[in-house]
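Asker: what would the 3D arrangement of this be:
(one chain, ligands or ions: 2)
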Amino acid sequence: RTKAIIDCDPGHDDAVAILLAARHFDLLGVTTVGGNAPVWRVTENALRVLELIGRPEVPVARGAAGPILGSLPRAGERVHGATGLDGAELPRGSNRVITKGAVEFLVETVMGNPGTVVIATGPLTNLALAMRVEPRLAKSIARLSIMGGSATWGNVTAAAEFNAWADPEAAHIVFSSGARITMCGLDLTRQAAVGPETIARFRAVGTHTAEVVADLLEHYRAAAERVYGTPAVPLHDPCAVAALAAPELFEVTPAHVAVELRGEETRGMTVVDRRFLGAEAAEQRRAAGAPEPNCRLATRVDAEGLFRL
Ligand code: BDR
Ligand code: CA
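Answerer: Numbering: from 1, shown residues only. Ligands and ions are numbered 1, 2, ... in the order given. As a prediction, the model looks like this:
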């Protein structure tokens, strides 16, 4: 089994991403980052999710409390609530967070376990810091699957997606690191939106975990409906897990992605060079002097396949 670490800020969709990662990978650890809620809360949530699925032995390492510049925004609370995981009863975690911090854990675990993939479903602060601490890290991650950014419009602002917007400097460091990145942005995850019928299907699986997942998703869906006016909520973070666990469900294309750091209206926007999408555009790209692709951009997902998974 492929070894994996998930770096996350649970978060309703992060919680489902942890379940999926634990099921499909040899999960070496969960690292947490302030994002949807303060880091102590999302860390507690990660412990609870692991307890729920009977995997309390998976190490949880706490990471950055806020972005590289500025402070942790509170926008995540609008959909995830004050706890980051409002709406379901989760067991108290029986294990404790390990003493090693997330940055050190990421460096040591990836460097010590060749072939490890990393799935990032929160702001990219921990990964950026880890890449600074260990310059060989970026090239040592077998693949880095990111839920973040957008090739079209944003969610937290008109231009920016939450994870990229919450720490644009970190996103910039990661996207320009030379790591083998797969990007699952909003235009992909919006194809995998769950409405009441899909949530009912999950509940009908009949296990306790399914019940909790359905409760969490129903809360998430209703909150998103209040904020965005749409009855179905994108299952953002599980896409980043599935992109590696079930690549046959996805269409991907090489693309260059830059992160906007200075725009007045566009800070945190992921600028996808759509002029030269795809491998077949390589010649034109060179002729135009445009930058080489720095990631595989996921453009389509088979939503039904994802829900089955
Ligand atoms: C991302 O932001 C968070 O609210 C979700 O957990 C997801 O990672 C979507 O923009
Ligand atoms: Ca998240």
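Asker: what distance do you get for Gly206 to ligand 2?
Answerer: As for Gly206, its distance to ligand 2 is 27 Å (criterion: Cβ to the ion, to the nearest Å). (Glycine included, C-beta is placed from N, CA and C.)
Asker: same check, this time on Leu124
Answerer: In this structure, Leu124 and ligand 2 are 11 Å apart, going by Cβ to the ion.
Asker: the helix or strand bottoming out on mean pLDDT in the chain near ligand 2 at all?
Answerer: Taking mean pLDDT, DSSP states H and E as the measure, helix 77-80 is the helix or strand of the chain with the lowest mean score, a mean of 84. No: judged by Cβ under 5 Å from the ion, helix 77-80 stays clear of ligand 2, getting no closer than 8.5 Å.
Asker: residues near Pro247, how many?
Answerer: A total of 15 residues lie near Pro247 under the criterion other Cβ atoms under 10 Å.
Asker: tell me the bridge partners for the residue nearest to Val252 when sequence neighbours are not counted.
Answerer: By the measure of Cβ to Cβ, 6 or more residues apart in numbering, the closest residue to Val252 outside its immediate chain neighbours is Arg296, 4.3 Å from it. In this structure, Arg296 has the following beta-bridge partners (DSSP bridges): Thr182, Pro254.
Asker: now for Arg296: which residues touch it?
Answerer: Contact criterion Cβ atoms under 8 Å, 6 or more residues apart in numbering gives 181-183, 252-255 as the residues in contact with Arg296.
Asker: check what pLDDT it gets.
Answerer: Note on Arg296: pLDDT of 97.
Asker: what separation is there between the residue lying closest to Asn113 once chain neighbours are set aside and Val118?
Answerer: Taking Cβ to Cβ, 6+ apart, and ignoring the residues beside it in sequence, Asn113 has Lys3 as its nearest neighbour in space, at 5.2 Å. Taking Cβ to Cβ, to the nearest Å as the measure, Lys3 and Val118 are separated by 10 Å.
Asker: when those two are compared, which one has more neighbours?
Answerer: Neighbours per residue, other Cβ under 10 Å: of Lys3 and Val118, the larger number sits with Val118, 29 against 18.
Asker: so that one: helix, strand or coil?
Answerer: Assigned state for Val118: strand (three-state reduction, DSSP: H, G, I helix; E, B strand; the rest coil).
Asker: isn't it up against Asp7?
Answerer: Yes: contact status for Val118 versus Asp7: in contact at 6.4 Å, counting by Cβ atoms under 8 Å.
Asker: any shared contact partners between these two?
Answerer: Common neighbours of Val118 and Asp7, counting by Cβ under 8 Å, 6+ apart, are 106, 127.
Asker: could you report the neighbour count for whichever residue of the stretch 151-300 of the chain sits closest to ligand 2?
Answerer: The nearest approach of the stretch 151-300 of the chain to ligand 2 comes at Asp237, 4.9 Å away (Cβ to the ion). Asp237 sits with 31 neighbouring residues when counted by other Cβ under 10 Å.
Asker: kindly report the same for Arg226.
Answerer: For Arg226, which is what you asked about, the neighbour count (other Cβ under 10 Å) is 10.
Asker: now the residue of the chain found nearest ligand 1. Its backbone dihedrals?
Answerer: For the chain, the residue closest to ligand 1 is Phe162, as judged by Cβ to the nearest ligand atom, at 3.6 Å. When read as degrees, to the nearest 10, the backbone of Phe162 gives phi -50, psi -50.
Asker: up against ligand 1, what does the stretch 101-250 of the chain have?
Answerer: Residues of the stretch 101-250 of the chain lying close to ligand 1 by Cβ under 6 Å from any ligand atom are 121, 147, 155, 161-163, 236-237.
Asker: repeat the analysis, applying 5 Å as the threshold.
Answerer: Neighbours of ligand 1 within the stretch 101-250 of the chain, by Cβ under 5 Å from any ligand atom: 121, 147, 161-162, 236-237.
Asker: make a markdown table out of those and add pLDDT and distance to Asn36.
Answerer: Compiled in a markdown table, these are given as follows (pLDDT from 0 to 100; distance: Cβ to Cβ, whole Å):
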| residue | pLDDT | distance to Asn36 |
| --- | --- | --- |
| Thr121 | 98 | 10 |
| Met147 | 98 | 12 |
| Glu161 | 98 | 13 |
| Phe162 | 97 | 8 |
| His236 | 98 | 11 |
| Asp237 | 98 | 10 |
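Asker: among those, which lie within helices?
Answerer: Applying DSSP state H to these, the entries found in helices are 162, 236-237.
Asker: before we move on, the earlier item: could you export the residues of the stretch 101-250 of the chain next to ligand 1 as CSV, including distance to Ala46?
Answerer: Written out in CSV, the entries for these read as follows (distance: Cβ to Cβ, whole Å):
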residue, distance to Ala46
Thr121, 11
Met147, 16
Glu161, 22
Phe162, 18
His236, 17
Asp237, 13
